[in-house]
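Asks: Below is the structure, and that's it, no one-letter string:
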């Protein structure tokens, strides 16, 4: 694991690491914010942040404005890249598929299956690595994300509630089986049999898994230019049907970007800090 | 004046405008954060933020993490581009001169003089424009900046204390006449006669102007990779010699970038809010 960049920030450190991933069969990078306590070896709760289409491991650190409160709360923040990368890794025909668009699932189809193993990468490999390398408090790891990464956060939490103790999302793709982004990605990564898609669709998953979390928090802008891809109402209905508590906040005037995310970032960090300390 | 981008943010709006500048003889862009009060027409104090080498009108809005507290304090934030731009505008041989490196002075030499009129652009043209177009509180405009923009903030405030009522800087180039960046830029923009440089050098200026401000605030990282270009001690000496109160805070471990800036951003906003409301 190579330290690529290190910047002191709110008395902690924002870092970028690079390493050869076994799951992705490629070199990959992740960002990590370590509050002062973690630098001193004191174990801290940690949050995985999964970013959206076209983003990288740097997007969150630069644009989400999370470090100030994470430093105060003593939270570690981990921000992986959004797909495998590199010349030997299959590319897509557009920004909604392939590199920068891994969708946090394990691809079974060609040409994707060899490298696009993002679920395994996040929830096994990187999950174990950060616990081995940093002062992460056991049983106090949460997950959140944005858009494609909101889908990732919801589905990985629902699939691995033993690993992720709290979950929230900004403008997540709530029902990828029922929107163009998800239909394209799932069709290519998982194949045309839509029966296989349901295990990776938050709305379908929560209906099967039931009420796993004390509460799920979602913020959604009502001027979101991608609103038709997101379907928060379908997720709300599915949560209601199984008694999963969901706080879905819809905000007039906010769009899909990081100015929306930074506005509600503090609320998400507080939400996770409370749940992870409980 | 054309609205290029508008994003709701902390109940206010982060916007980018474009217009044809008379001073720069080119189209130019600036960013502006308008807190909710300003959107409702209530006049608010305003702060100009001048960015550093290679930056644009977007850098501050994305990386400086200022909107949260500005929204709370009811501060308008204005972030101009760092030079004239365009195919008809002279380019430099490197990122420290020419486009992205206007140094906030009025060039007198060729090929720069036609477009590189950044002092006039900021302190006359844009200064008047934002007051005409937005709910800016008269006599409550401050200025701050980073690196080259810290030099810009200090010098424009010292030259125009009637216009800028408060001033602070992050890692400013304090004595451009005495560092490689400044020697190159001043030599090309103002000519080889160093006598002309002194009117645009914060350390030389404060010695002549005397104590114009109740206090000047500077934050400086001690792991700054460009520390040798910045000379805060020379500025401190010059301030001391004329009784200009200067709070120069030196921070172990911090570098020259926006992770440093975001760490101390709130302190600067609070500093200006107090001075502008006084």
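Replies: Nice, I can see it. No experiment lies behind these values; they were computed from the predicted model shown.

Asks: okay, CA-based contacts and neighbour counts for the rest of this
Replies: OK.

Asks: Am I right that residue A:17 is in a strand?
Replies: Yes - counting by DSSP: H, G, I helix; E, B strand; the rest coil, residue A:17 is found in a strand.

Asks: My read is that residue A:30 contacts residue A:78, right?
Replies: Yes - Residue A:30 lies in contact with residue A:78 (Cα atoms under 8 Å); the separation is 7.1 Å.

Asks: Compare these two (neighbour count), which wins?
Replies: residue A:78 (25 against 19; other Cα atoms under 10 Å in any protein chain shown).

Asks: Work out for me the element the more buried one sits within.
Replies: strand A:76-80 (DSSP states H and E).

Asks: Same question for residue A:208.
Replies: Here residue A:208 is assigned to helix A:202-209, by DSSP H and E.

Asks: partners of the following helix or strand past that helix, with directions?
Replies: Sequence order places strand A:216-221 as the next helix or strand after helix A:202-209, per DSSP H and E. Within its sheet, and counting by DSSP bridges, strand A:216-221 is paired with strand A:167-170 (parallel), strand A:246-251 (parallel).

Asks: in the helix or strand following strand A:216-221, what counts as buried?
Replies: For strand A:216-221, the following helix or strand on the C-terminal side (DSSP H and E) is helix A:232-242. By 16 or more other Cα atoms under 10 Å in any protein chain shown, the buried positions in helix A:232-242 come out as A:232, A:234-236, A:238-240.

Asks: just so I know, which of the strands paired with strand A:216-221 lies nearest residue B:191?
Replies: Of all the strands paired with strand A:216-221, strand A:167-170 sits nearest to residue B:191, with 52.9 Å by Cα to Cα.

Asks: before we move on, back to that, now for the helix holding residue A:208, which elements pack on it?
Replies: helix A:148-159, helix A:232-242 (3 or more Cα pairs under 8 Å, 6 or more residues apart in numbering or on different chains; DSSP states H and E).

Asks: okay, the angle between that helix and helix A:148-159?
Replies: Here helix A:202-209 points in a direction 10 degrees away from that of helix A:148-159 (axes from the mean of the first three to the mean of the last three Cα atoms, to 10 degrees).

Asks: Please work out which residues outside helix A:202-209 touch it.
Replies: Outside helix A:202-209, the residues that touch it by Cα atoms under 8 Å, 6 or more residues apart in numbering or on different chains are A:151, A:154-155, A:158, A:174-176, A:198-199, A:234-235, A:238-239, A:241-242, A:244.

Asks: And the buried residues of helix A:232-242, which is closest to residue B:104?
Replies: Comparing those against residue B:104 with Cα to Cα places residue A:232 closest, at 47.9 Å.

Asks: Pull out the buried residues from the host helix or strand of residue A:260.
Replies: For residue A:260, the element it lies in under DSSP H and E is helix A:258-277. Buried residues in helix A:258-277, counted by 16+ other Cα under 10 Å: A:258-266, A:268-269, A:271-273, A:275-276.

Asks: winner for burial among the strands paired with strand A:216-221?
Replies: Ranked by mean neighbour count, those are led by strand A:167-170 with a mean of 30 (mean count of other Cα atoms under 10 Å in any protein chain shown).

Asks: Around chain B, which positions in the stretch 51-200 of chain A sit nearby?
Replies: Contact residues (Cα under 8 Å from any Cα of the partner chain) of the stretch 51-200 of chain A with chain B: A:62-63, A:65, A:68.

Asks: So which of these are in helices?
Replies: Per DSSP state H, helices hold the following members of those: A:62-63, A:68.

Asks: Dump these into a markdown table; add neighbour count as well.
Replies: Output for these, formatted as a markdown table (neighbours: other Cα atoms under 10 Å in any protein chain shown):
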| residue | neighbour count |
| --- | --- |
| A:62 | 19 |
| A:63 | 18 |
| A:68 | 19 |
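
Asks: now those as a markdown table including pLDDT?
Replies: Formatted as a markdown table, these follow (pLDDT from 0 to 100):
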| residue | pLDDT |
| --- | --- |
| A:62 | 97 |
| A:63 | 98 |
| A:68 | 98 |
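
Asks: can you tell me which of the strands paired with strand A:216-221 comes nearest to residue B:90?
Replies: strand A:167-170 (43.3 Å).

Asks: what's the spacing between that closest one and its chain's center?
Replies: Distance, stretch centre to chain centre, for strand A:167-170: 8 Å (Cα atoms, centre = their mean, to the nearest Å).

Asks: What of stretch A:67-82?
Replies: Taking mean C-alpha positions (Cα atoms, centre = their mean), stretch A:67-82 and its chain are 13 Å apart.

Asks: what do you get for stretch A:159-172?
Replies: Centroid separation between stretch A:159-172 and its chain, computed with Cα atoms, centre = their mean, is 8 Å.

Asks: buried set for it?
Replies: Buried-residue list, stretch A:159-172, by 16+ other Cα under 10 Å: A:159, A:161, A:163-172.

Asks: Show me where chain A dips below the pLDDT cut-off.
Replies: For chain A, applying pLDDT under 70 flags the ranges A:278.

Asks: Farthest from the middle of it: give me that residue.
Replies: Here chain A reaches farthest from its C-alpha mean at residue A:40, the gap being 26.8 Å by Cα atoms, centre = their mean.

Asks: gap between it and residue A:75?
Replies: Distance, residue A:40 to residue A:75, by Cα to Cα, to the nearest Å: 13 Å.

Asks: go on, residue A:189?
Replies: Going from residue A:189 to residue A:75 by Cα to Cα gives 34 Å.

Asks: what about these two, which has more around it?
Replies: A count of neighbours by other Cα under 10 Å puts residue A:75 above the other of residue A:189 and residue A:75, at 31 against 25.

Asks: so the more buried one touches residue A:35, yeah?
Replies: Yes - contact status for residue A:75 versus residue A:35: in contact at 6.5 Å, counting by Cα under 8 Å.

Asks: My reading is that residue A:177 lies in a strand. Confirm?
Replies: No - per three-state DSSP, residue A:177 lies outside any strand segment and is helix.

Asks: Give me the three-state assignment for the nearest residue to it once chain neighbours are set aside.
Replies: Spatial nearest neighbour of residue A:177, chain neighbours left out: residue A:183 (5.5 Å); criterion: Cα to Cα, 6 or more residues apart in numbering or on different chains. Here residue A:183 is recorded as helix under three-state DSSP.
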